[in-house]
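Student: Have a look; sequence and predicted model below, questions after that.
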Amino acid sequence: MKYLEGLNEAQKRAVLAAGGPISVIAGAGSGKTRVLTTRIYHLIREGVPASQILAVTFTNKAAREMRTRVRIMLGDKDSSSLPFIATFHGLGRELLESYGSRIGLPSFFGVYDRDDSEKAIATALKALDVGAKELSPRAVLGRISRAKGEGMLVSEFYEKYARGSFSARIAAEAWLRYEKTLKQEKVLDFDDLIALPLRMLEEHADIRVLAQDRWRYIHIDEYQDTNMLQERLAGLLAQKHKNLFVVGDGDQAIYGWRGANMENILNFDKTYPDAQTIVLERNYRSTKNLVDAANAVIEKNKNRKEKYSTTERAAGEPIIVYMARSAEDEAHWIAHQIRRMIQEGRKSEEIAILFRTNFQSRALEDGLLRAGVSYKLLGTHFFARKEVKDTLAWMRLAMDPSREADKMRAVSSPPRGIGKITLGKLSAGQRSQLRAGELEKVEEFENIIIELANATDTLTPSAFVKTVIEKSGMRRTLLDEGNVEDKERFENIKELASVATRYDGTIGKEGIAVFLAESALASDQDELDRDEKKGITLMTVHSAKGLEFGTVFVSGMEEGLFPHQGMGGNLPSGRRDEEEERRLFYVAMTRAKDCLFLTLARVRKIYGSDTYREPSSFLSDINPALIHYDETNLHTEPKVIHF
């Protein structure tokens, strides 16, 4: 079979494995995406209908890449003949849209992104007379999110914590108000997209059977990142036909702090005693020096599946380690190295700077700007920009004019002389109390909504975005009458129309609804696909998971920063997972294909004070023969590192 050519023996076993539970332990750079897509193609070649195949991963970017690869292998057929390939949240949305009417969900529901949820929590805290300095909305949302991730209902949480500590009691009260807001606005949050489908399948046997027969072959990527509910959802869908194929690597489990449970992949053979286990150990990404160094680091962890990565690539360059005098000097040195590389012909898109915590980006950005090096910073979320959220609010309002939060946003974007008091009278059924001028403005606004609502039946998502931009008045306000910054904002909403073309295969409300849902579920990595700006990439190590670059700089290799003091995810037992930081460093190292630079500062300003820094203990795990200590004198004397 030609499609098996180029696969190694372990990869072939994974592709050709018969039905039943199968776990593939896939090391970094081992070609797991190729294995998944080739297996899906193989199943279809063997006669399994594409509609009976499900593949789930964790980012929209990964899902799009998988869909593209499968489509190419199938001969570029239209998307309707493809398997269902989505993120876990995309799967949850599909289940709720297909069967959610049974549990009282409306045919069209919105999805709150994290920013929307935080604002709703902030409103709830304000109603409770709790200021952000006493208890931050983000912290409260995090507590609620963890509880939802454990399958807890708001009523159960309230009963447990209503008489607890101040923070627990306020979180319980805020959750009650938050749930009321979600219901009023006909929206779900990220956690609902997993918890509600699971509850629906568990409580409705007829729906469960429909879903199980719909997808007889289930594939889960990055299984080490699944939480308790996601594992239960996957197991429930596969319960009838037993064909659960999971791919993961416990050595790359870095999300314990947000509820992921790496034991799901480590104990897969215990959960499914008849499971077959296949290990992919050949690394096709990195040079031998990098693979050997990464092996040495991760082998220090005890809680892992035995796995030793190998590669047929040459030894390559040694790992460069550099100690700077300060964070500013570190940034200057990195920028100097990158500028030299680009001048020598290296593509800037193949270079990334990774950092452990967000505060490090300030000095790094400043160094790159001073050196004239173009860059893009992941984390500046396109869909979180005000003008983009304004446009999406107009779109949701056209789909459902009863949404009060979207109405409040749309009525002031652009401003049209309708204030909160006027809207409050409308909501309270006091329309007759409006003055003639107020009523005229309200009717003009309502007519626009009606016109847009009618347009949702016939337009593609991208055409609808353009219509919203025109009818709402945003084009006139931002482009024709606005300043330079307004014109830049207009470019962003034009880009939103470009993003929407991905969903133009479905005309009308259905296509628009999918686009709105996917927009709410977008992640930082989606910026890489959307942003056409040339330049190197700056991001946290967590954001870099699943990506690869020719050259990688990992900054801040200092004890207390990386490994980060007191960090680590939670184990099911409730203990801290002290090995998670080492896995995070392993992920950082294995993003590099050819060159890896590890930098640190002798002195770094923390909370406004200069503190002396010790080299990261992780550096001593690497064989010194694989390291070159750079002593380039840019600002200070040569650097020597002692362990």
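Tutor: Done, it's in. Computed from a predicted structure; not experimentally measured.

Student: hang on, isn't residue 512 packed against residue 395?
Tutor: Yes - in this structure residue 512 lies within contact range of residue 395 using Cβ atoms under 8 Å: 6.6 Å. C-beta coordinates here come from the backbone N, C-alpha and C atoms, glycine included.

Student: Between those two, which contacts overlap?
Tutor: residue 464 (Cβ atoms under 8 Å, 6 or more residues apart in numbering).

Student: Need the nearest residue in space to residue 334, chain neighbours excluded.
Tutor: By the measure of Cβ to Cβ, 6 or more residues apart in numbering, the closest residue to residue 334 outside its immediate chain neighbours is residue 553, 5.3 Å from it.

Student: quick one: low-confidence ranges for the chain?
Tutor: For the chain, applying pLDDT under 70 flags the ranges 76-80, 379-381, 482, 523-533, 566-576, 607-608, 633-643.

Student: farthest residue from the center of it?
Tutor: residue 436 (48.2 Å; Cα atoms, centre = their mean).

Student: ok, now how distant is that residue from residue 403?
Tutor: Going from residue 436 to residue 403 by Cβ to Cβ, to the nearest Å gives 27 Å.

Student: residues touching residue 452, list them.
Tutor: So residue 452 contacts 394, 395, 397, 398, 464, 467, 468, 471, 472 (Cβ under 8 Å, 6+ apart).

Student: so how far is residue 405 from it?
Tutor: For residue 452, the distance to residue 405 equals 17 Å [Cβ to Cβ].

Student: One more: residue 108?
Tutor: Relative to residue 405, and taking Cβ to Cβ, residue 108 is found at 15 Å.

Student: all helices for the stretch 301-450 of the chain, in order.
Tutor: 327-343, 361-371, 386-399, 404-410, 420-427, 436-455 (DSSP state H, counting those that start in this stretch).

Student: Just the buried positions in the fourth one, please.
Tutor: Buried residues in helix 404-410, counted by 16 or more other Cβ atoms under 10 Å: 405, 406, 407, 408, 409, 410.

Student: thinking the second one is in contact with residue 399, fair?
Tutor: Right, the one you point to is residue 406. No - when contacts are counted by Cβ under 8 Å, residue 406 is not listed as touching residue 399 (9.3 Å).

Student: could I get the buried residues of helix 404-410 as JSON lines with distance to residue 369?
Tutor: Shown next, in JSON lines, are the buried residues of helix 404-410 (distance: Cβ to Cβ, whole Å):
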{"residue": "405", "distance to residue 369": "38"}
{"residue": "406", "distance to residue 369": "38"}
{"residue": "407", "distance to residue 369": "41"}
{"residue": "408", "distance to residue 369": "38"}
{"residue": "409", "distance to residue 369": "34"}
{"residue": "410", "distance to residue 369": "37"}
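
Student: Out of those residues, which is nearest to residue 334?
Tutor: residue 409 (40.5 Å; Cβ to Cβ).

Student: wait, doesn't that closest one sit right on residue 390?
Tutor: Yes - using Cβ under 8 Å, residue 409 is in contact with residue 390, at 6.2 Å.

Student: so residue 183 is in which element?
Tutor: helix 166-185 (DSSP states H and E).

Student: wait, residue 11 sits on residue 31?
Tutor: Yes - using Cβ under 8 Å, residue 11 is in contact with residue 31, at 6.2 Å.

Student: which residues do the two both contact?
Tutor: residue 280.

Student: max-length strand in the chain?
Tutor: strand 592-606 (DSSP state E).

Student: Which is the succeeding secondary structure element to that one?
Tutor: That would be, after strand 592-606 and using DSSP H and E, strand 609-612.

Student: Does that following strand pack against any helices or strands, and if so which?
Tutor: Contact partners of strand 609-612 among helices and strands, from 3 or more Cβ pairs under 8 Å, 6 or more residues apart in numbering; DSSP states H and E: strand 592-606.

Student: buried ones in the strand it packs on?
Tutor: Result for strand 592-606 [16+ other Cβ under 10 Å]: buried residues 592, 593, 594, 595, 596, 597, 598, 599, 600, 601, 602, 604.

Student: okay, how far is it across stretch 421-432, tip to tip?
Tutor: Taking Cα to Cα, to the nearest Å as the measure, stretch 421-432 stretches 14 Å from start to finish.

Student: ok, residue 597 - contacts?
Tutor: The contact partners of residue 597, by Cβ under 8 Å, 6+ apart, come to 319, 320, 321, 322, 334, 337, 551, 552, 553, 554.

Student: Would you mind measuring from it to residue 416?
Tutor: As judged by Cβ to Cβ, residue 597 and residue 416 stand 53 Å apart.

Student: Same question for residue 585.
Tutor: Separation of residue 585 from residue 416 (Cβ to Cβ): 53 Å.

Student: Tell me which of those two has more neighbours.
Tutor: Neighbours per residue, other Cβ atoms under 10 Å: of residue 585 and residue 416, the larger number sits with residue 585, 25 against 16.

Student: what's the residue nearest to the more buried one when sequence neighbours are not counted in contact with, if anything?
Tutor: Nearest non-adjacent residue to residue 585, counting by Cβ to Cβ, 6+ apart: residue 618, 5.0 Å away. Contacts of residue 618 were listed using Cβ under 8 Å, 6+ apart, and they are 297, 557, 562, 563, 582, 585.

Student: Let me have those in JSON lines, extended by secondary structure and distance to residue 37.
Tutor: Below are the contacts of residue 618 laid out as JSON lines (DSSP: H, G, I helix; E, B strand; the rest coil; distance: Cβ to Cβ, whole Å):
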{"residue": "297", "secondary structure": "helix", "distance to residue 37": "30"}
{"residue": "557", "secondary structure": "coil", "distance to residue 37": "35"}
{"residue": "562", "secondary structure": "coil", "distance to residue 37": "34"}
{"residue": "563", "secondary structure": "coil", "distance to residue 37": "35"}
{"residue": "582", "secondary structure": "helix", "distance to residue 37": "31"}
{"residue": "585", "secondary structure": "helix", "distance to residue 37": "29"}
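
Student: what's the closest of those to residue 267?
Tutor: residue 582 (20.2 Å).

Student: ok, now which ones touch that closest one?
Tutor: Per Cβ under 8 Å, 6+ apart, neighbours of residue 582: 297, 298, 300, 301, 563, 618.

Student: right, and the third one touches residue 617 too?
Tutor: Read that as residue 300. No - contact between residue 300 and residue 617 fails when scored by Cβ under 8 Å: they sit 9.7 Å apart.

Student: And those two? Which one has more around it.
Tutor: The neighbour count for residue 300 versus residue 617, taken as other Cβ under 10 Å, is higher for residue 617 (16 against 13).

Student: buried set for the helix or strand encompassing residue 200?
Tutor: Residue 200 belongs to helix 192-203 when assigned by DSSP H and E. Of the residues in helix 192-203, 192, 193, 194, 195, 196, 197, 198, 200, 201 count as buried by neighbour count, 16+ other Cβ under 10 Å.

Student: The fourth one and residue 151 touch, don't they?
Tutor: Just to be clear, that refers to residue 195. Yes - look at residue 195 against residue 151 with Cβ under 8 Å: they come within range, at 6.5 Å.

Student: any residues in contact with both of the two?
Tutor: Common neighbours of residue 195 and residue 151 (Cβ under 8 Å, 6+ apart) are residue 229.

Student: And the helices in the stretch 101-250 of the chain?
Tutor: Listed in chain order, the helices of the stretch 101-250 of the chain (DSSP H, counting those that start in this stretch) span residues 114-127, 137-149, 154-161, 166-185, 192-203, 205-214, 228-238.

Student: Could I get the contacting residues of the closest residue to residue 540 other than its chain neighbours?
Tutor: The shortest distance from residue 540 to any non-neighbouring residue, by Cβ to Cβ, 6+ apart, is to residue 355 (6.1 Å). Residues near residue 355 by Cβ under 8 Å, 6+ apart: 361, 364, 538, 539, 540, 541, 554, 555, 556.
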